[in-house]
Structure formats: structure tokens, C-alpha cells
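# what's the 3D shape of this:
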Amino acid sequence: MDMYTSVVRFFQDGGVFMYPIVLVLALGVAIAIERWLYLQSTESRNRALWKRIAPQLQAGNFQAAAQEAGKSKAAIGNVLSYGFARIRSAGRRDDIEKAMEESLMEVMPRLEKRTHYLATFANVATLLGLLGTIIGLIRAFTAVAGANPADKADLLSASISVAMNTTAFGLMAAIPMLLMHTLLQTKTSEIIDGLEMASVKFLNAITERRDPAPQPGKAQVKAQAAAA
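Model prediction:
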């Protein structure tokens, strides 16, 4: 109960600038939770789809793999669908790779959506805290100017203590949002790296099936037999 009372008093002493900092923090937490759930869901769906498609690619069953990728809403399914579509119209590896890179460029904005707001909100929370402190200090010095000289030191120290609450709360809101921003960026990079790796494996599987290893000719077989 004492802790709750201390928190309430701390918030009340901070003044009106505590409210916009709370609003910014709430928006940041909401975005962080939504982005984390989305990225977790995207990663799990990508892994599940790749586990189903990888054996089909290794077996050369490209038609079944294309159907599996086409009916999936996973990000990796979108990337692979572009590759399968380009195989039908262009057989060169470079053309297929460009098509998959184009699809990856469409997927990346959805993965990175709203994440950059967290860094902005962290800066806004810090600046609001500083602004609240400065305004509080201005009011404190204005009030002290007309106070009894004997009470000026005590009154000024108490006013400064209250004014610093907004800076402290702004930093308390900014630090978690910066950490969440870094965590989401790392998660997004891992997903993008996974999509790029799957694209390379897809291209290698296509190339290996289309360009089998050359068999030795009759002249080579005779030469090898003579050498033996």
C-alpha cells in the first residue's frame, strides 16, 4: 500500500506533463505488443510452410510445392509463389531471383510496419519529461522570488524535486520503448534472413533439377578404361 501511495504521489507531483508521457507510453506498448505477436505469427507460419515445401523441392515435385505455396498466406509462401510464377515464363536463374527479390521488397514493409514509431515515442517521452521539468523550474523560481528569504532554500529544493519527476518519468517510459524497438528490429532481421535463405535454397533446388551433372561421354569412358 505504501508503494502504491508513493507512485500516486510521484505521478501527481509531476504535473500535467505526466499525462502525455503516459499516453505516449501506452501507444508504444500497444504497438510493441501488436508487432511482437505479428512477427511471432509470421515466423511460425514461415517455418511450418517451409517444412512442408522443402521435401517437395528436394524430390523435384515443383507442382505440388507451387500449390502449397500458392494457397498459403505466409510471407515465405508469397516469395516462393513469385519464383514459381517466373519459372513458367522465364527459365533463367537470374530472372527467377529478381522476381523473388521483388516479392521480398513487398514483404519487408509489412514486417517493419510501425516499429520505427517506438524510437520516435521514446524521444518524445524524454523531451516531454525535460519540458515538464523546465516549466516546473520556471514556476519554482518565480514562486521563490517573492518568498521569505529564510524559506527560499527549502522552498526551492522542494520545487526542484517535484519538477524533476517529469524527467524521471520520461526516462522511465523511454528506456523500455528503446529496448522494445531493438528487440523488434532484431526479430524482423531474423525473419528477413530466413526468407533470403529460403530463396537461395529454392533457387539451388531449381537449378540442380534443371541442370543435372553431365554424364561422361564414350570417349571419356574409353580413356578411363585404358588408364585403368
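
# how close does Y38 sit to T115?
10 Å (Cβ to Cβ, to the nearest Å). To be clear about C-beta, it is placed using only N, CA and C from the backbone, and glycine gets the same treatment.

# just S89 next, same as before
35 Å.

# These two: who's more crowded?
A direct count of neighbours by other Cβ atoms under 10 Å for S89 and T115 places T115 higher, at 20 against 9.

# residues contacting A74?
42, 45-46, 48-49 (Cβ atoms under 8 Å, 6 or more residues apart in numbering).

# For the buried ones among those, write the corresponding ChimeraX selection.
Applying 16 or more other Cβ atoms under 10 Å to the contacts of A74, the buried members can be selected in ChimeraX as follows:
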select :42,45,46,49
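
# ok, so of the contacts of A74, who is nearest F141?
F141 lies nearest to T42 out of those, by Cβ to Cβ, at 53.2 Å.

# Chain neighbours aside, what residue packs nearest to Q40?
Closest residue to Q40 apart from its sequence neighbours, by Cβ to Cβ, 6 or more residues apart in numbering: K187 at 7.9 Å.

# Can you give me the neighbour number for that neighbour?
19.

# wouldn't L171 be in contact with L128 here?
No. Using Cβ atoms under 8 Å, L171 makes no contact with L128, being 10.8 Å away.

# Those two: which has the busier surroundings?
The residue with more neighbours, out of L171 and L128, is L128; 23 against 15, by other Cβ under 10 Å.

# Please look at the more buried one and V24 and confirm they touch.
Yes. If you go by Cβ under 8 Å, L128 and V24 touch, sitting 7.0 Å apart.

# list residues touching both of the two?
Contacts common to L128 and V24, judged by Cβ under 8 Å, 6+ apart, are absent.

# what about stretch 60-75, how long is it end to end?
Its start and end residues considered, stretch 60-75 measures 22 Å (Cα to Cα, to the nearest Å).

# Kindly report the same for stretch 67-74.
Start-to-end span of stretch 67-74 (Cα to Cα) is 13 Å.

# Going forward, the N-terminal residue is numbered 828.
Sure, I'll start counting at 828 from here, so that last one is stretch 894-901.

# Buried ones in it, by neighbour count?
With burial defined by 16+ other Cβ under 10 Å, the residues of stretch 894-901 counted as buried are 895-896, 899, 901.

# Just the closest of these to T832, please.
Nearest to T832 out of those is A901 (Cβ to Cβ; 50.0 Å).

# Excluding residues flanking it in the chain, which one is nearest that closest one?
R872 is the one closest to A901 (Cβ to Cβ, 6+ apart), at 3.9 Å.

# Mind telling me what element the one you found is part of?
Element membership of R872 [criterion: DSSP states H and E] is helix 845-885.
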